[in-house]
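>>> Here is a sequence with its predicted model. Questions after.
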Amino acid sequence: MIQAATPRLVLASASGTRRSILTEAGLRFEAVPSAVDEAAIKEAAQAEGIPPADAALMLADAKAERIARRHPDALVIGCDQLLVCEGAWFDKPADLAVARAQLLALRGRTHELVTAVVCHRHGSRVWQDVAAPRLTMREFSEPFLDAYLAAEAEHVTHSVGGYRLEGPGVQLFARVQGEHAAILGIPLLSLLTFLRRHGVLLA
C-alpha cells in the first residue's frame, strides 16, 4: 500500500475540486466541511495590513484547527486561496453581474492565486506551505465574455475570480505559471512531499 493505515487523513473542506485532486492522487481521506467566518478573517487581515500569503495561511489554519478539535488523532488538511491583482483582493462572485465586473477588472492583467495549505495533528499545526501561481488574462472581447458567462452560468460563482481553469475558463488566459493543482486550490506536490516525510505515504 502506498498510504499507511494511520494517521487517518481528513480534508477540512467542502470543495469538490480539492476532493477530486486528492482522490486522483491516490489518497484515502475523509472530507469534513469546516464552518469558519472567512469574510471576517479576510476583513480583519486587510484592516491590519496582513500580507495575502499570511492571510491565506490564517484561513487555512482556522479550517484545519476547527476540524482537528473533533479529530485529534487524524492528520487534518486545511486549505484556502486568495486572488490578488495589483494589491486588490477578489472573492467568489455573488452572481453573474459581479463575475462579469471582476473578469473585466482582471482582463489583460496578471494576478496571483495565493494558495495555502496547513496540516494539524494532536492539537497543533505540524506543517504549512503557500504557493502563488501567476495567471495573465488575455484582452478578450465583451461578446466573448458574455458568451462565456452564458455557457458557465452558476459555475462562475463557485471559484474565486469567476473561472474554472479546468473548464472553459482556460480560454480567458494568455499565460499561466505555476502548479496546476495549486491553481485549482491545493499545493499538491509540496503536500505529498510532507506526507512522505511524515510517514503517511511511502517514500
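Noted; the coordinates are in hand.

>>> okay, CA-based contacts and neighbour counts for the rest of this
Fine.

>>> starting at the chain centroid, how far to the least confident helix or strand in the chain by mean pLDDT?
The least trusted helix or strand in the chain, going by mean pLDDT, DSSP states H and E, turns out to be helix 38-47, with a mean of 92. Taking the mean of its C-alpha atoms, helix 38-47 sits 17 Å from the chain's own mean (Cα atoms, centre = their mean, to the nearest Å).

>>> how about it: buried residues?
38, 41-42, 45 (16 or more other Cα atoms under 10 Å).

>>> Check stretch 4-13 too.
Neighbour-count burial for stretch 4-13 [16+ other Cα under 10 Å]: 8-13.

>>> Specify which member of the buried residues of helix 38-47 is nearest to Arg69.
Glu38 (18.4 Å; Cα to Cα).

>>> Show me where this protein has its helices.
Along the chain, counting by DSSP state H, helices occupy 16-24, 38-47, 52-70, 96-106, 142-152, 180-184, 188-197.

>>> so which of those is the most packed in?
helix 52-70 (a mean of 23; mean count of other Cα atoms under 10 Å).

>>> relative to helix 38-47, how tilted is that one?
140 degrees (axes from the mean of the first three to the mean of the last three Cα atoms, to 10 degrees).

>>> so what secondary structure elements neighbour helix 52-70?
helix 38-47, strand 75-85, strand 110-121, strand 124-131 (3 or more Cα pairs under 8 Å, 6 or more residues apart in numbering; DSSP states H and E).

>>> Before I go, just wanted to say thanks for your time.
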